[in-house]
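Peer 1: coordinates only, no sequence provided:
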C-alpha cells in the first residue's frame, strides 16, 4: 500500500513554548503544503517514551488507512539508536527506535520496518545531533505522506526495540494494577482493562484502594456521582479510571503516575 497525500499527525514531548514543533511543521510544509497536519499531543512528559507510546496507541486507530504518524519522544537523540519507519494496520509510523512503537504493536509483527538510512530523503545530509525531529524524521514523514513508498525509504529491519508494559496482576481476591497516565482533568488512568475486571469480578462488589481513597462505586459517566465525589469508571479505551466529578482525582486523592491501584473483590453480590 502507498500512502497518498493526506494526513500526517505529530506526537512529541516538545511542548509549544520553544518553537520546535513549528520548525518541524515548517519543514513538512516546505515539502508538501497540501498535507493535512493533525497534532495528537506535544505535551508528553519530557523523555517519557512510555507515555508517548500509550497516547499514540490509543489515538492511532481513529485515523484512516494511509495516515502517517510522526512521533518524536527521543531522549537518545544523536546516539546509536536507529531512526525507523514502519507500517502497521495500513498506517505508517516514523520516529526513533527506542520502544515508542512497541506498545502499538502489542506483540504483533509490523507489516514492514525500515531503517531511515538514506540521506536523500532527509532534510539535510548531516542532521543535527540534537534535533532529528526537524532534520530527519519530519522530512521522511512528509515524503511518505506525499507518496514515497516505505520500501524505498530505507533498509529493511527484522524487528524494533521493545519496551515492557507493566501488566496488572489478578487472582481470586482481586487485581493489582498501576496508574499509567493522568490526563489534564486529573483523571487517573490505570492499566486495568474492562475485560479483565469483569472476568475477575464475577458479579461481586469491590473496593478500589488508590492514593488516600477507598472507592466502591463503578459509574458509567462522571456525573453518576455528585460533584466532588470520587468514582471508578471505564474510559473510552476500556481502561479503569479513577475520577472525581468536576475536580482532579490526582490532586485531591494524592495519586501520581506509577501509583499502585488495588482492587479487592468482596464475597457478596452487587445489589440488584
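Peer 2: That came through fine. Values in this document were obtained by computation on a predicted structure and should not be read as measured data. Numbering: from 1, shown residues only.

Peer 1: pLDDT below threshold where in the stretch 51-200 of the chain?
Peer 2: Applying pLDDT under 70 to the stretch 51-200 of the chain picks out no residues at all.

Peer 1: now do the helices in it.
Peer 2: In the stretch 51-200 of the chain, the helices defined using DSSP state H, counting those that start in this stretch lie at 102-105, 132, 138-145, 194-201.

Peer 1: look up which residues are beta-bridged to the residue lying closest to residue 133 once chain neighbours are set aside.
Peer 2: Excluding the flanking residues, the one nearest residue 133 by CB to CB, 6 or more residues apart in numbering is residue 72, at 4.0 Å. C-beta coordinates here come from the backbone N, C-alpha and C atoms, glycine included. On the basis of DSSP bridges, residue 72 is bridged to residue 12.

Peer 1: any idea how far residue 138 is from residue 72?
Peer 2: Distance, residue 72 to residue 138, by CB to CB, to the nearest Å: 8 Å.

Peer 1: picking that back up, now the helices of the stretch 51-200 of the chain in CSV, with distance to residue 7 and mean neighbour count?
Peer 2: Shown next, in CSV, are the helices of the stretch 51-200 of the chain (distance: least, CB to CB, whole Å; neighbours: other CB atoms under 10 Å):
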stretch, distance to residue 7, mean neighbour count
helix 102-105, 17, 21
helix 132, 22, 23
helix 138-145, 7, 27
helix 194-201, 29, 15
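
Peer 1: quick one on the thing from earlier: tell me if I'm right that the residue nearest to residue 133 and residue 132 touch.
Peer 2: Yes: with contact defined as CB atoms under 8 Å, residue 72 counts as touching residue 132 (7.4 Å).

Peer 1: list residues touching both of these two?
Peer 2: Counting by CB atoms under 8 Å, 6 or more residues apart in numbering, the residues touching both residue 72 and residue 132 are residue 96.

Peer 1: can you list residues touching both of residue 72 and residue 138?
Peer 2: Counting by CB under 8 Å, 6+ apart, the residues touching both residue 72 and residue 138 are residue 24.

Peer 1: nearest to residue 89, of the helices of the stretch 51-200 of the chain?
Peer 2: Of all the helices of the stretch 51-200 of the chain, helix 102-105 sits nearest to residue 89, with 8.9 Å by CB to CB.

Peer 1: for the closest one, packing partners?
Peer 2: When contacts are defined as 3 or more CB pairs under 8 Å, 6 or more residues apart in numbering; DSSP states H and E, helix 102-105 packs onto helix 49-60.

Peer 1: residues contacting the helix it packs on, please?
Peer 2: In contact with helix 49-60 (CB under 8 Å, 6+ apart) are residues 9, 11-13, 40-41, 44-45, 67, 69, 71, 73, 75, 89, 91, 93, 98-104, 106, 163, 165, 180-181, 237.

Peer 1: now do that helix: distance to the chain's middle.
Peer 2: Relative to the chain's own centre, helix 49-60 is displaced by 1 Å; criterion: CA atoms, centre = their mean, to the nearest Å.

Peer 1: now do stretch 148-159
Peer 2: For stretch 148-159, the distance to the chain centre is 23 Å (CA atoms, centre = their mean).

Peer 1: which parts of it are buried?
Peer 2: If you call a residue buried by 16 or more other CB atoms under 10 Å, then stretch 148-159 has these buried ones: 148, 150, 153, 154, 157.

Peer 1: stretch 38-58 now?
Peer 2: Using 16+ other CB under 10 Å as the test for burial, stretch 38-58 gives 40-42, 44, 48-58.

Peer 1: again with stretch 214-226
Peer 2: Quick answer for stretch 214-226 (16+ other CB under 10 Å): 215, 218, 219, 222, 225.

Peer 1: export these as CSV, with columns for distance to residue 192 and pLDDT.
Peer 2: Below are the buried residues of stretch 214-226 laid out as CSV (distance: CB to CB, whole Å; pLDDT from 0 to 100):
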residue, distance to residue 192, pLDDT
215, 13, 97
218, 12, 93
219, 15, 96
222, 18, 96
225, 19, 96
